[in-house]
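Visitor: Got a predicted model here, sequence first, then my questions.
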Amino acid sequence: MLEVNMRIIARKVLVAFWTRHPEAQIPLERWHSLVRAADWASTNDVQAPAPKAKMLNRELVRFEIAGGNYRLVVAFDFQRQIAFLKFIGTHAEYDRIDAHGRTVLMELSMDIRPIRTDEDHRAALAEIEACWGAPEGSEAGDRLEVLAALVEAYEERRWPIQSRKRFDPVDVLHYAIDELGHTQAELATLLGSRSRASEVLKRKRALNVEMIHKISTAWKIPAELLVRPYKIKRAA
């Protein structure tokens, strides 16, 4: 089972969006797999695997989705390892929002209790928004930690995300090149030659431990995504 480092909350945003835009489902599922396994400590760590991503400030990141047709805005709490989905939509829809805007802190009023309904879930997300950025050890910071755990557990049951399509190490590399902004030339530099990179991408050569280490270190792609077994094409 893939190790989970980053907790992603408000995943309903993803599910609702790809229900309306089915072409976005596979790219979003792959984004979700990458971020859940990530161990990022700053926006610089986010940009290493995703050069196309734009850092809006120290916590907000805008990702290009499905070949740049859609934009996804995520707030990161790197200390707590939480990714809070804030917006996804077309470029025109993005232009109508204030991506940098912050909700004014509200009075903390929600009782901490299990989340059993979608109404409870909406209230918990609003409370997380209110507590966002609170210092660790503060009352608001403690509420944020507990609510994030409750929301994550509810969303795992209510909106499970299981990729419908294979996402093995070669798929991860193609995703990094096709969607995230890396290039085959970069991969060739990491692996030592253009032919070696081409063979890996065409499934004619397996990734070895040294290759995985170089890619994971340079591109900040979780090694767990690159060590999965996969089939190599046999020479004719």
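Guide: Yep, that arrived. Computed from a predicted structure; not experimentally measured.
Visitor: pretty sure K54 contacts R62?
Guide: Yes - between K54 and R62 there is a contact at 4.5 Å, judged by CB atoms under 8 Å. C-beta: built from backbone N, CA, C; applies to glycine.
Visitor: thinking F87 is in contact with A75, fair?
Guide: No - between F87 and A75 there is no contact under CB under 8 Å: 9.9 Å.
Visitor: neighbour-wise, which of the two wins?
Guide: A75 (22 against 19; other CB atoms under 10 Å).
Visitor: that's a strand at the more buried one, yeah?
Guide: Yes - assessed with DSSP: H, G, I helix; E, B strand; the rest coil, A75 lies in a strand.
Visitor: For the nearest residue to it once chain neighbours are set aside, give me phi and psi.
Guide: If you skip the residues right next to it in sequence, A75 has F84 as its closest partner in space, 4.4 Å away by CB to CB, 6 or more residues apart in numbering. Main-chain torsions, F84, degrees, to the nearest 10: phi -110, psi 110.
Visitor: same deal with L225?
Guide: Dihedral angles of L225 (phi, psi; degrees, to the nearest 10) stand at phi -80, psi -20.
Visitor: for the one 3 residues further on, same thing?
Guide: For R228, the backbone dihedrals are phi -70, psi 140 (criterion: degrees, to the nearest 10).
Visitor: residue contacts, the spatially most central residue of the chain?
Guide: The centre of the chain sits closest to V35, judged by CA atoms, centre = their mean, with a distance of 3.0 Å. Listed by CB atoms under 8 Å, 6 or more residues apart in numbering, the contact set of V35 reads M6, I8, V74, A83.
Visitor: Report the separation between it and A206.
Guide: According to CB to CB, to the nearest Å, V35 and A206 sit 26 Å apart.
Visitor: how is this protein carved up into domains?
Guide: 7-158, 169-226 (automatic domain parsing).
Visitor: so where is this protein shaky, pLDDT-wise?
Guide: 1-4, 98-111, 235-236 (pLDDT under 70).
Visitor: looking just at contacts, which helices and strands does the biggest helix by length in it meet?
Guide: With secondary structure taken from DSSP state H, the chain has its longest helix at helix 139-158. Using 3 or more CB pairs under 8 Å, 6 or more residues apart in numbering; DSSP states H and E, the elements in contact with helix 139-158 are strand 7-9, helix 118-131.
Visitor: How about that helix, which residues are buried there?
Guide: For helix 139-158, the neighbour count (16 or more other CB atoms under 10 Å) marks A140, G141, R143, L144, E145, L147, A148, L150, V151, E152, Y154, E155 as buried.
Visitor: mind listing what the second one touches?
Guide: I take that to be G141. C131, A134, P135.
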